[in-house]
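Q: Below are the sequence and a predicted model; questions follow.
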Amino acid sequence: MVTDGLSTHGDARSLRIVLDNLLSNAWKFTSTTPQARIELGEQTAPDGTSLLFVRDHGAGFDMALVDKLFGAFQRLHRDTEFPGTGIGLATVQRIIHRHGGRVWAEGAVNQGGHIVFRPARGRAQQAQPTIIVLLIRT
């Protein structure tokens, strides 16, 4: 499910990499889930700013290990469960930070993951401001 009219400011190529990694992870971690559901949406932070998120109802993860989630080559699942290199979320974090934003995760084992990010106007954007409009139809 995709919320209509999502948009944010940032480098289009970099933000495409963010979405590719987040949606690929959601797809991968719901691959063994009957009736899998993936959401790309928007929510409002307590301070009124817009946050984007990718949420799935797949394998999830133990919140006790959340600090490892964005580390390069850190994996929370065995290769035999789900393939991967452990670099995707580290890449997401690096891109969002370069945009002056923030990214974090919430989840629970067998209940899915929720990755929230807030790209913000930062040095990377001031050089070449670009607007990327997220239009994905399922």
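A: Arrived safely, thanks for sending. Residues are numbered from 1 along each chain as shown.

Q: For this protein, just list every one of the strands.
A: 6-9, 38-44, 50-56, 102-108, 112-118, 131-134 (DSSP state E).

Q: Show me what the fifth one is packed against.
A: In terms of contacts (3 or more C-beta pairs under 8 Å, 6 or more residues apart in numbering; DSSP states H and E), strand 112-118 is packed against helix 12-29, strand 50-56, helix 88-98, strand 102-108. Placement of C-beta: from N, CA and C, glycine included.

Q: one more time with 7 Å, if that's ok
A: Contacts defined by 3 or more C-beta pairs under 7 Å, 6 or more residues apart in numbering; DSSP states H and E place strand 112-118 against strand 50-56, strand 102-108.

Q: Make JSON lines from the strands of the chain and add mean neighbour count, mean pLDDT and distance to Leu19 to it.
A: As requested, these are exported to JSON lines (neighbours: other C-beta atoms under 10 Å; pLDDT from 0 to 100; distance: least, C-beta to C-beta, whole Å):
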{"stretch": "strand 6-9", "mean neighbour count": "16", "mean pLDDT": "80", "distance to Leu19": "10"}
{"stretch": "strand 38-44", "mean neighbour count": "15", "mean pLDDT": "90", "distance to Leu19": "8"}
{"stretch": "strand 50-56", "mean neighbour count": "21", "mean pLDDT": "90", "distance to Leu19": "8"}
{"stretch": "strand 102-108", "mean neighbour count": "18", "mean pLDDT": "88", "distance to Leu19": "12"}
{"stretch": "strand 112-118", "mean neighbour count": "21", "mean pLDDT": "88", "distance to Leu19": "10"}
{"stretch": "strand 131-134", "mean neighbour count": "14", "mean pLDDT": "45", "distance to Leu19": "7"}
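
Q: Alright, I will stop here.
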